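Peer 1: Could you look at this predicted model? Sequence included:
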Protein chains: 2
Amino acid sequence: MSEAYVHGYAAREKERLQDQAGTLVELLHSDTSYPRGSTVLEIGCGVGAQTVTLAQRSPGARFTSIDLAADSIAEASQRIAQAHMTNVEFRQADIFALPFDAESFDHVFVCFVLEHLSRPADALALLKGVLKAGGTITVIEGDHGSTYFYPDSFAAHAAIDCLVELQRRAGGNALIGRQVFPLLVEAGFEAVRVSPRMVYVDSSRPDLVDGFTRKTFTAMVEGIREPAIAAGLTDPERFDAGVRDLYRTTEADGVFCYTFFKGVARK
Amino acid sequence: MSEAYVHGYAAREKERLQDQAGTLVELLHSDTSYPRGSTVLEIGCGVGAQTVTLAQRSPGARFTSIDLAADSIAEASQRIAQAHMTNVEFRQADIFALPFDAESFDHVFVCFVLEHLSRPADALALLKGVLKAGGTITVIEGDHGSTYFYPDSFAAHAAIDCLVELQRRAGGNALIGRQVFPLLVEAGFEAVRVSPRMVYVDSSRPDLVDGFTRKTFTAMVEGIREPAIAAGLTDPERFDAGVRDLYRTTEADGVFCYTFFKGVARK
C-alpha cells in the first residue's frame, strides 16, 4: 500500500510540476505565435523545453534552433521527435558566429540567453543582421533583483546576491530583465515594446509554491552554495540561513514575487 | 507667442496627468464594481480621489466613506458634488472606533490605508465585524520594496529606504503590499485572492514616465528630504544623489518598476 501511495504521490507531483510548467509557459509564451510559412531562428535552445512549445504553437512556421552545446542539441532533437513535431531544424552554433546569411529569417526568438552574455547588445545587433527588414525579435529574460517576499529576510537577499555576483563574475547579468528595453533600443530595433510577466505566489496557489518558489527559484539558489562559499562570497551558516528563509516563504502565510520581462521589437 | 505656448504646454501637462491617473485607475480599480442596491464602506477616503471612481463605477451602490480628517472629508464631499454623484455619504470616523452596527455593509473597500497603521490585522478584524456574512472586502496597498529600476543605483535605493524607515517609525509599513494575503487570512477572511498590479515604465510610455516615475514616486521620495535628514537617516549630499538617480531612470534608456497588490476576500 505504501509503495502504491508513493507512486501515486510521485504521479501527482509530476502532474503538479507539469501544471506549474504550464502556468509559466502560458505566462511567458501565450502571446507568441508565428504565421504559416515564416522562418524563425531560436537562439540558445538548450534541451528544447521552449522549442517544443514554440513549434507546437506555430505548427506552420519553420524553426531553426541553435545552441552552443552538442549534447543539448541531441536532447532537444529527441524531445521534438517525441512530440511528433517536424518543423524544427537544429544546428550547433555560436550566437557570435552565426552560420547564416544576412536577412535569412522572418523572426528571431531569444529566451534566457542574454543574461549569460558579456556583450548582450552586440549579440542583439548580430541577430538584427540575420533578421529580414520588417521582421520581429522576441526577447525574454528574468531579473533576480525583482525578487521580494514575505517574511522579508536579509539573509535570503544575501544568498540571492551571491547568485547575482557569481553570474556577474562569469560575464553575465542576472539583473538583465529590466534592461530588455534599453538593450533592444541600443541594438537599433524599432517599435520596442516590453511587458513584465510577474509571478506572484502565495499559499492559495500551491502549484506555484511548489513548482516555482521551491523547485525553480530556491533550488537554483541552493545550487550555487558550493561555488559561492568557495568564492568567499558567503559562509555555510549565512548561506544556509538565507536558503531556509527562502523556504520559509513557502509556508501558509508566505508570499514570493519574481518578474520576467518580455520584449518584442521590429527591424 | 511664448505665453500661449506655456499655456498650451500646461494644458497638455494636465491632460497627460489625467491620462496617467486614468492608467493607474484602470490598473487598480477596473475590476471593482458593486451591484445595484448594495452598501459599501470605504475606509480612509482622504480627499475623495478614489471615491469618485468607485461611485461612478457602481452608480447603483450606496457608499459610506469615512476619514479621520474633517478637512479631507470636506474636500471629498465637494469633489463628489462636482462629479454630480449622489450615492456617497461621508462621515468623519476612526477605523478603530467605527460608528456602525455589526454586519451593516455588503462590502468594504480599503485602499492605501493599512500601510499607515501599526495594527493592520486588528483593523481588518474590525472591518470584518461591520461586514455582512458573505460580503467582500477589497484591499489595495503599494510596496516600496517592489521598486527597482535601470540604471540601478545604491543611492536611489538608500533614499527609498529612508522613506520606508520614516514610515516604520511613524508606526506604518511601506512594504505592506506583499502582506495583503497573510493579513486577510490572519483576520479570518475566506477565499482570499491577491493579484499584483505592476507598473512598468520605460520611455515608450511617456505618460507613466512623467505621471508615475517623476511626479508620483520620485516626488514622494523628494518630499521626505527634510525629515529624513533631521532624523539622521541620511545627509543632503547622499539623499540628493539618490533623488538624481531616480530622475535618471526617466531618461530615454531608463526603466522603472513598482507593484501594487490588490486583495479580495469574503466573510
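Peer 2: Here it is on my side, so go on. Residues are numbered from 1 along each chain as shown, chains lettered A, B, ... in the order given.
Peer 1: Which element, helix or strand, includes the nearest residue to A:Leu175 once chain neighbours are set aside?
Peer 2: Closest residue to A:Leu175 in three dimensions, ignoring its sequence neighbours and counting by C-beta to C-beta, 6 or more residues apart in numbering or on different chains: A:Gly145, at 4.5 Å. Backbone N, C-alpha and C define where each C-beta goes, glycine included. With elements taken from DSSP states H and E, the one containing A:Gly145 is strand A:131-150.
Peer 1: for A:Gln56, same thing?
Peer 2: Secondary structure here is read from DSSP H and E; on that basis A:Gln56 sits in helix A:49-57.
Peer 1: Quick one: mean pLDDT over that helix.
Peer 2: Here the mean pLDDT over helix A:49-57 is 93, rounded to a whole number.
Peer 1: So what are the sheet partners of the very next helix or strand once past it and their directions?
Peer 2: Once helix A:49-57 ends, the next helix or strand along the chain (criterion: DSSP H and E) is strand A:62-67. In the sheet containing strand A:62-67, its partner strands are strand A:39-43 (parallel), strand A:88-92 (parallel), by DSSP bridges.
Peer 1: what does the average pLDDT come to for the first one?
Peer 2: Taken as a whole, strand A:39-43 has an average pLDDT of 98.
Peer 1: The last one now?
Peer 2: The average pLDDT for strand A:88-92 rounds to 97.
Peer 1: ok so, going back, I'd say the residue nearest to A:Leu175 and B:Asp152 touch.
Peer 2: Yes: the criterion here is C-beta atoms under 8 Å, and A:Gly145 meets it with B:Asp152 at 7.1 Å.
Peer 1: between the two, who's got more neighbours?
Peer 2: Comparing A:Gly145 with B:Asp152 by neighbour count (other C-beta atoms under 10 Å in any protein chain shown), the higher total belongs to A:Gly145, at 21 against 15.
Peer 1: Quick check: which of the strands paired with strand A:62-67 is buried the most?
Peer 2: Most buried of these, by mean neighbour count (mean count of other C-beta atoms under 10 Å in any protein chain shown): strand A:39-43, with a mean of 23.
Peer 1: what does that strand contact?
Peer 2: A:34, A:50-51, A:54, A:58, A:61-66, A:95, A:100, A:104-110, A:113, A:127, A:130-131 (C-beta atoms under 8 Å, 6 or more residues apart in numbering or on different chains).
Peer 1: With stretch A:77-87 instead?
Peer 2: Counting contacts by C-beta under 8 Å, 6+ apart, the residues outside stretch A:77-87 that touch it are A:47-49, A:51-52, A:55-56, A:58-63, A:88, A:90.
Peer 1: So which of those is the closest to A:Leu27?
Peer 2: Relative to A:Leu27, the closest of the contacts of stretch A:77-87 is A:Ala49; by C-beta to C-beta it sits at 14.4 Å.
Peer 1: what sits against the closest one?
Peer 2: By C-beta under 8 Å, 6+ apart, A:Ala49 lies in contact with A:Arg79.
Peer 1: so how far is the first residue of stretch A:89-100 from its last?
Peer 2: Start-to-end span of stretch A:89-100 (C-alpha to C-alpha, to the nearest Å) is 13 Å.
Peer 1: make that stretch A:107-123, sorry
Peer 2: The stretch stretch A:107-123 measures 15 Å between its terminal residues, going by C-alpha to C-alpha.
Peer 1: what does stretch A:195-213 give?
Peer 2: Counting by C-alpha to C-alpha, the length from the leading to the trailing residue of stretch A:195-213 is 22 Å.
Peer 1: likewise stretch A:127-134?
Peer 2: Stretch A:127-134 has an end-to-end distance of 13 Å (C-alpha to C-alpha).
Peer 1: The residue of the stretch 1-150 of chain A found nearest chain B: neighbouring residues, count only.
Peer 2: Ranking the residues of the stretch 1-150 of chain A by distance to chain B (C-beta to the nearest C-beta) places A:Tyr150 first, at 4.5 Å. Residues within reach of A:Tyr150, counting by other C-beta under 10 Å, total 24.
Peer 1: what do you get for A:Thr250?
Peer 2: A total of 21 residues lie near A:Thr250 under the criterion other C-beta under 10 Å.
Peer 1: Good, we can wrap up now.
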